[in-house]
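In: The amino acid sequence is not available; the structure is as follows:
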Ligand code: GLY
């Protein structure tokens, strides 16, 4: 069968030539020749563990669903958004969608964005209430507006106009019970100044992680899912309930392009879970995709971003007693060749990520920058 062919630029030509043991061409002012290489890649879907562990009582996880769809010819953007609706709808997944841990007032507020490397478009929603699947609304923003990000009541109103069901409350018994436990631990009425209240809120949440009531990955929530099909088309989506018990209105990295997600159809994709503010300050997904563009392997690009975050984490309150970042952060990275990696600030908490290929879904070890635990 004839294989599809495409063109690569001179940088790729030099790298490919070196990899094959072919001498690099002499540099000259003459425009570089283009080289014909096979265009087909092995389809793959990459995610954090939420998109491989949660099936909402069904047969398939998000990565399996997305893989199934891309191999049937469904556009990659549709496949990944269809996939993440499984954990979004799963009441046991307390870091995203329905049953996500609520904000300080007990209201579930969700964030999401998606980006399509084919159409080079993106959409997002932030602090949306009452919609189990914010990823669907993010895609609707992408497809039906000239905007990237709708927030709060406006996002909810838009969802309603698009026919997406809006419910009065997305709490489950589990999320409500954990919120009440957090309220008991913090008693915010006694902390009238906002800074003390915010510090105590965060501290109380971390004590619940330490006591095993909330897993560290669910404390910050989030699933990210990125995929490439055999034609080399790439897309990604990130969706979350965000930081547990957050100040109402707080959104993290997940709906922000370049932070929670970035896709360049000519280069690759990157997305994130973990402490959103650390990612926002460094726009890591954009940074990682730029490193892919320079030719870095997904693992090296992800590690470079983690080192950047570590170097930029200087506030004492964000450092543990060893002077290291006192939070988790993870990146899931996929390049145009179908190579991928999952990297983590710490070798603790969530230690695997999800991959689905023609061989099925499997959890792979995350590569960690730092040994031990952040706490
Ligand atoms: N990474 C999710 C958040 O911080 O909201």
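Out: Thanks, I have the structure now. Worth saying up front: this structure is predicted, and the values here are computed from it rather than measured. Numbering: from 1, shown residues only.

In: alpha carbons only for contacts and neighbour counts from here, please
Out: OK.

In: Tell me the residues on the stretch 101-250 of the chain that lie near the ligand, please.
Out: 220-222, 242-243 (CA under 6 Å from any ligand atom).

In: and if we set it to 5 Å?
Out: 242-243 (CA under 5 Å from any ligand atom).

In: how about the strands in the stretch 101-250 of the chain?
Out: Assigned by DSSP state E, counting those that start in this stretch, the strands in the stretch 101-250 of the chain fall at 109-116, 121-129, 149-151, 223-228, 234-240.

In: With mean neighbour count and mean pLDDT as extra columns, can I get these in JSON lines?
Out: Below are the strands of the stretch 101-250 of the chain laid out as JSON lines (neighbours: other CA atoms under 10 Å; pLDDT from 0 to 100):
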{"stretch": "strand 109-116", "mean neighbour count": "33", "mean pLDDT": "98"}
{"stretch": "strand 121-129", "mean neighbour count": "28", "mean pLDDT": "98"}
{"stretch": "strand 149-151", "mean neighbour count": "21", "mean pLDDT": "98"}
{"stretch": "strand 223-228", "mean neighbour count": "32", "mean pLDDT": "97"}
{"stretch": "strand 234-240", "mean neighbour count": "35", "mean pLDDT": "98"}
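
In: Identify the bridge partners of the closest residue in space to residue 49 that isn't next to it in sequence.
Out: Nearest residue to residue 49 in three dimensions, chain neighbours excluded: residue 353, at 4.9 Å (CA to CA, 6 or more residues apart in numbering). On the basis of DSSP bridges, residue 353 is bridged to residue 364.

In: Which residue lies nearest the spatial centre of the protein?
Out: residue 224 (3.0 Å; CA atoms, centre = their mean).

In: if I read this right, that one contacts residue 332, doesn't it?
Out: Yes. Judged on CA atoms under 8 Å, residue 224 makes contact with residue 332 at a distance of 7.5 Å.

In: between these two, what contacts are shared?
Out: 47-48, 271-272 (CA atoms under 8 Å, 6 or more residues apart in numbering).

In: what's the residue nearest to residue 286 when sequence neighbours are not counted in contact with, if anything?
Out: Nearest non-adjacent residue to residue 286, counting by CA to CA, 6+ apart: residue 258, 4.2 Å away. Applying CA under 8 Å, 6+ apart to residue 258 gives the contacts 283-287.
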